[in-house]
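[1] Predicted model and sequence follow; I will ask about them next.
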Amino acid sequence: MMENYYDEYVAHVTDKKCPAGQCKSLMEYVINAENCVGCTACARVCPVNAISGERKEVHHIDPSICIKCGACMEKCKFDAIFIR
């Protein structure tokens, strides 16, 4: 494994990132302030109310509450939500 996937292993252990985007525990959903129009669509579909923000203002996802279900990213029409 170390021979073929060394870079990916280092990213997981050292950087706490999953380059393949497969490890839920290392994923974080983030809202891009430049694309967010404050439509509240993402906040309305979040099953755990991890998204906060007023209408027509940039929203924020609380990573300590987020269950990483992806519902917000699917609902966003403005491509404002991405995985970091």
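    Alright, I've got the coordinates.
[2] Flag the shaky bits of the chain, pLDDT-wise.
    Across the chain, the ranges flagged by pLDDT under 70 are 1.
[3] Strands along that one, start to end?
    Counting by DSSP state E, the chain forms strands over residues 29-31, 51-52, 60-61, 81-83, given from the N-terminal end onward.
[4] which outside residues touch the third one?
    Think strand 60-61. Residues from elsewhere that reach strand 60-61 (CB atoms under 8 Å, 6 or more residues apart in numbering): 29, 30, 31, 50, 51, 52, 53, 72, 81. (C-beta placed from N, C-alpha, C; glycine too.)
[5] Just the buried ones among those residues, please.
    The neighbour-count test (16 or more other CB atoms under 10 Å) marks 29, 31, 50, 51, 53, 72, 81 as buried among the contacts of strand 60-61.
[6] so who does the residue nearest to residue 35 when sequence neighbours are not counted touch?
    The shortest distance from residue 35 to any non-neighbouring residue, by CB to CB, 6 or more residues apart in numbering, is to residue 80 (3.7 Å). Contacts for residue 80 (CB under 8 Å, 6+ apart) come out as 31, 32, 35, 36, 37, 42.
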